[in-house]
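# have a look at this fold, sequence not included:
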């Protein structure tokens, strides 16, 4: 199989499944390739997977803070960089790390080849900065694998089918590149290597006794990622769920087992009531008056704003939240609409996530009693079948996370 389309979420062709039985996709984040010594370590890990009998595709992020440095340079030149050229600039970082890793693999005695996103056949829409993958044309990858090469693909980037311009997939986009390749190639697994040993019940920097989870469901990981857990990009989890790609989040710097992201029926699942507490330190909250919801959210969608919490306060008042990085786009849209609006920047969000909520009453009551007990007031509350999210003052977020983690005894397996 050489092409997989993603918009219709089709089945992966039988020939890709057959080819993928011994194929593994291994993605390494920026901290894993922060300097040349670490890149050499990644090269050794890729070679070890090849020596174990696997065909190997690696997806590398940019080295360390390279992307942040490129962003800084762009904003020194322009307050609002032109989107096409911005993507051209930001795509450079991943190309550097992948080319260097290919050189390191060659020095270890194995053949390797690095591809840009476009050379690898990652075809996207035309939205610069937040492009979505439309299809993967994997002919060159399959050809290189058949030649027994280790294939390296620059993450975070692709090429627009319409304009033929370089596009980028947004922060954490290398995760999505890796999952899309795993789906297109029928890989047995997609391993996401990072500087932590998996998905934890809370951020260990806030809760030192947070516990690594052996496995969580796609749905739980979607809620955790949407609620601030940084270990996986939200869209990559959506891809994995839609294409039944098993994800394994693990540390680059140890051989320890990590966390599996799997279907609800997978045998490795722990079946916990609550899986974890996620948080976002700052999540702006917008209050808009005298506009209908359809018009407001269509305009925000057209501007590629990822709206999260939505509350219809009254017939003429709507409250919604959006990521801090979308603040400029939100303000532009609201300004163009000419409506009365205000924004709070002093709130963060704390979210309790667990598939067991669906069948265990009393979780909400315990959540609110816990926050009340430490004097934390929830300014806005939103729920789903497996999540309770509370907007609280930014300075109160760490206390709220620690208190909920303790109240539900999440440190205990």
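Alright, I've got the coordinates. The structure presented is a predicted model; accordingly, all values stated were derived computationally and were not measured.

# going by C-alpha atoms from here, please, whenever you check contacts or count neighbours.
Fine.

# excluding sequence neighbours, find me the nearest residue to the residue positioned nearest the centre of the chain.
Residue closest to the mean C-alpha point of the chain, counted by Cα atoms, centre = their mean, is residue 233 at 0.2 Å. Computed as Cα to Cα, 6 or more residues apart in numbering, the closest residue to residue 233 that is not its neighbour in sequence is residue 172, at 5.2 Å.

# burial of the closest residue to residue 357 other than its chain neighbours, as a residue count?
Using Cα to Cα, 6+ apart and skipping the chain neighbours, the partner closest in space to residue 357 is residue 386 (5.5 Å). Neighbourhood size, residue 386 [other Cα atoms under 10 Å]: 19.

# contact partners of the helix or strand where residue 102 lies?
Residue 102 belongs to helix 92-107 when assigned by DSSP states H and E. With contacts defined as Cα atoms under 8 Å, 6 or more residues apart in numbering, helix 92-107 is touched by 33, 36, 39-40, 42-44, 47, 59-63, 66-67, 111-116, 152-156.

# what comes up buried for that helix?
92-106 (16 or more other Cα atoms under 10 Å).

# phi and psi next, for the residue nearest to the centre of the chain.
phi -70, psi 140 (degrees, to the nearest 10).

# right, and the helix or strand after the helix holding residue 102?
strand 112-115.

# where does pLDDT dip in the stretch 51-200 of the chain?
Regions of the stretch 51-200 of the chain meeting the criterion pLDDT under 70 are absent.

# check contacts around the residue nearest to residue 233.
Counted by Cα under 8 Å, 6+ apart, residue 172 has contacts 156, 232, 233.

# what about 10 Å?
29, 30, 61, 155, 156, 230, 231, 232, 233, 234, 235, 236 (Cα atoms under 10 Å, 6 or more residues apart in numbering).

# my guess is the second one contacts residue 156, does it?
No. Applying Cα atoms under 10 Å, one finds residue 30 not in contact with residue 156, separated by 11.6 Å.

# before we move on, what SS does residue 318 have?
strand (DSSP: H, G, I helix; E, B strand; the rest coil).

# touching, it and residue 310? I think so.
Yes. Counting by Cα under 10 Å, residue 318 touches residue 310, with 7.3 Å between them.

# any common contacting residues for these two?
286, 293.

# dump the residue contacts of the closest residue to residue 140 other than its chain neighbours.
Sequence neighbours aside, residue 120 is the residue nearest to residue 140 in space, at 6.4 Å (criterion: Cα to Cα, 6+ apart). With contacts defined as Cα under 10 Å, 6+ apart, residue 120 is in contact with 114, 136-142, 151-154, 158-159, 181.

# recalculate using a threshold of 8 Å.
Residue 120 touches 136, 137, 138, 140, 141, 153, counting by Cα under 8 Å, 6+ apart.

# most neighbours out of the residues you listed, which is it?
Neighbour max across the contacts of residue 120 (other Cα under 10 Å) = residue 153, 32 neighbours.

# what pairs with it across the strands?
residue 59, residue 115 (DSSP bridges).

# that one against residue 59, yeah?
Yes. Counting by Cα atoms under 8 Å, residue 59 is a contact partner of residue 153 at 4.9 Å.

# mind pulling up the phi and psi values for the residue nearest to residue 140?
phi -80, psi -10.

# can you give me the helices for the stretch 251-400 of the chain?
293-302, 327-337, 363-373, 397-407 (DSSP state H, counting those that start in this stretch).

# so which of these comes closest to residue 194?
Between residue 194 and these, the tightest spacing by Cα to Cα is seen for helix 397-407, at 22.8 Å.

# pLDDT on that closest one, on average?
What helix 397-407 shows for mean pLDDT is 97.

# now do the contacts for the residue nearest to the centre of the chain.
171, 172, 173, 175, 176, 225.

# phi, psi for the first one please.
Residue 171 adopts backbone torsions of phi -50, psi 130, taken as degrees, to the nearest 10.
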